[in-house]
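Novice: Have a look; sequence and predicted model below, questions after that.
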Amino acid sequence: MACCETMALRNVTRDLLRRQIRENRALDFQRHYHVTDPFIKRLGLEAELQGHSGCVNCLEWNERGDLLASGSDDQHAIVWDPFRHTKLITMHTGHAANIFSVKFLPHSEDRILITGAADTKVHVHDLTAKETTHMFSDHTNRVKRIATAPMRPNTFWSAAEDGVIRQYDLRESSKRSEVLIDLTEYCGQLVEAKCLAINPRDNNYLVVGANGPFVRLYDIRMIHNHRKSLGQSGSAGVHTFCDKRKSIPDGAGQYYVAGHLPVKLPDYNNRLRVLVATYVTFSPDGTELLVNMGGEQVYLFDLTFKQRPYTFLLPKKCHSSSEVQNGKTTNGVSNGIHLPASRLKLATVSSGSSDLPPHLERIKLQANDAFAQQQWTQAIQLYSLSIHEAGHNAMLYGNRAAAYMKRKWYDKRSQLGPLQLRAHCGGRKTL
């Protein structure tokens, strides 16, 4: 109850702004808004926009934030005035299947709209003339995401389930796109690219999400320079950046992953669950990377976090045991460390030895009860409330850590080498 009252007094919009412009506010923001039920309950439906006859798969704001584009299974794109709840433009895109991505081309005065669809095609539309000006048919599977760059107004990229990332330049007369990254060279023929985004502060960096636990951050400039040095950049006829005999240069790609996911892959596979990054985006200043790991959790990576990685080998075979994690029997592996259930319990103190004031002692007991009932998020919130006033109390930190581990959300960031996993601790927060 006290937590709810505290949230009611806070101004979310003001705190969001301060988090962006004042670095020392970031920790305070995280502490107050991390998994906060009162904040979620304040969200509500403002309006329903009627216009599509099929499922709406994608939404995209323009640069000024006063227009909203939508794409649907009905193969139409609609541009809305979301604040007046009105439909401005409706256009049939020429696609023969569901539209999965729409993007305004930067610096086009909201005149150019790009769409990608399940028919494997990418189309470019002039909204003023209501006509399709370019049609690209280079992908061989469903196009899932389009990305643009604010400082490269004639260039855009696409990710598709054929595992290929393609680059387009509307200044060129060629009707073909160029292969920038071919994930099948490194991940096999079954890999599917699901999403991508360009760093808004430095447009040389592109992040790609695919099936599997890893998201990949690429330096586009390094890839181009490497291929130019090999004489690959200007071949006659069909343009391509990708030669099957050549790989992306060392240092051009980084891998990010929640530290517990690689070792949990066998468990996910046994339960027929799929780990796939369904959405990736950068913060406005380009220092953070938000990843929606569909069917699992949402993670926030700090791209400025620098620490010497710790290298460990993933076990080939997990031991079967009665070790417990999150209240369920697992394969006994948690980030490469065996954690018997007997080692994961609440810290306790003998009667009369607690240094907590009475009102915090009551909150701690409420947290303990929540823990006993496996209500991990509520327990974490209550322990955090006590820690805010008694930050010196090690017992509270220990109990909250146990609740975090029971909830099975870990604070790890990892990078992947060819034969090993290099883990960085503390670089990722679960939202």
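Specialist: In hand now; what should we look at? The model shown is predicted, which means the values in this text are computed figures rather than measured ones. Numbers count the residues shown, from 1 in each chain.

Novice: Quick check: closest non-adjacent residue to Arg221.
Specialist: Excluding its sequence neighbours, the residue lying closest to Arg221 (CB to CB, 6 or more residues apart in numbering) is Asn204, at 4.4 Å. In this view, the C-beta of every residue, glycine as well, is placed from N, C-alpha and C.

Novice: what's the spacing between the one you found and Cys187?
Specialist: Taking CB to CB, to the nearest Å as the measure, Asn204 falls 23 Å from Cys187.

Novice: what about the closest residue to Phe104 other than its chain neighbours, neighbour count?
Specialist: Nearest non-adjacent residue to Phe104, counting by CB to CB, 6+ apart: Asn62, 4.8 Å away. Asn62: 17 surrounding residues under other CB atoms under 10 Å.

Novice: Quick one: the helices in the stretch 201-350 of the chain, in order.
Specialist: 220-229, 261-270 (DSSP state H, counting those that start in this stretch).

Novice: Nearest to Pro38 among those would be which one?
Specialist: Taking CB to CB, helix 261-270 is the member of the helices of the stretch 201-350 of the chain nearest to Pro38, at 29.9 Å.

Novice: what bridges to Met135?
Specialist: Per DSSP bridges, the residues bridged to Met135 are His123.

Novice: tell me the contacts of it?
Specialist: With contact set as CB atoms under 8 Å, 6 or more residues apart in numbering, Met135 has these partners: Gly94, Lys121, Val122, His123, Val124, Lys175.

Novice: Show me the shaky parts of this structure.
Specialist: Within the chain, the segments meeting pLDDT under 70 span 1-10, 19-27, 30-36, 39, 173-174, 232-247, 268-273, 306-354, 408-431.

Novice: Could you pull up the residues touching Gly163?
Specialist: Asp182, Leu183, Thr184, Cys187, Gln189, Val191, Glu192, Ala193, Ala210.

Novice: Recalculate using a threshold of 10 Å.
Specialist: Contact analysis of Gly163 by CB atoms under 10 Å, 6 or more residues apart in numbering lists 139-141, 181-193, 208, 210-211.

Novice: could you say what helices and strands the helix or strand encompassing Ser384 packs with?
Specialist: Using DSSP states H and E, Ser384 sits in helix 376-389. Packing partners of helix 376-389 (3 or more CB pairs under 10 Å, 6 or more residues apart in numbering; DSSP states H and E): helix 2-8, helix 26-33, helix 37-41, helix 358-372, helix 394-407.

Novice: Could you give me the buried positions within that helix?
Specialist: Buried residues in helix 376-389, defined by neighbour count with 16 or more other CB atoms under 10 Å: Trp376, Thr377, Gln378, Ala379, Ile380, Gln381, Leu382, Tyr383, Ser384, Leu385, Ser386, Ile387.

Novice: quick check, nearest of the residues you listed to Val56?
Specialist: Nearest member of those to Val56, counting by CB to CB, is Thr377, at 30.1 Å.

Novice: ranges for the strands of the stretch 151-300 of the chain?
Specialist: Per DSSP state E, counting those that start in this stretch, the stretch 151-300 of the chain carries strands over the ranges 155-160, 164-169, 178-182, 193-198, 205-210, 215-219, 253-256, 276-282, 288-294, 298-302.

Novice: Would you format those as JSON lines with distance to Tyr404 and mean neighbour count included?
Specialist: As requested, the strands of the stretch 151-300 of the chain are exported to JSON lines (distance: least, CB to CB, whole Å; neighbours: other CB atoms under 10 Å):
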{"stretch": "strand 155-160", "distance to Tyr404": "33", "mean neighbour count": "26"}
{"stretch": "strand 164-169", "distance to Tyr404": "35", "mean neighbour count": "22"}
{"stretch": "strand 178-182", "distance to Tyr404": "35", "mean neighbour count": "22"}
{"stretch": "strand 193-198", "distance to Tyr404": "27", "mean neighbour count": "25"}
{"stretch": "strand 205-210", "distance to Tyr404": "25", "mean neighbour count": "24"}
{"stretch": "strand 215-219", "distance to Tyr404": "22", "mean neighbour count": "22"}
{"stretch": "strand 253-256", "distance to Tyr404": "20", "mean neighbour count": "19"}
{"stretch": "strand 276-282", "distance to Tyr404": "23", "mean neighbour count": "20"}
{"stretch": "strand 288-294", "distance to Tyr404": "17", "mean neighbour count": "20"}
{"stretch": "strand 298-302", "distance to Tyr404": "14", "mean neighbour count": "19"}
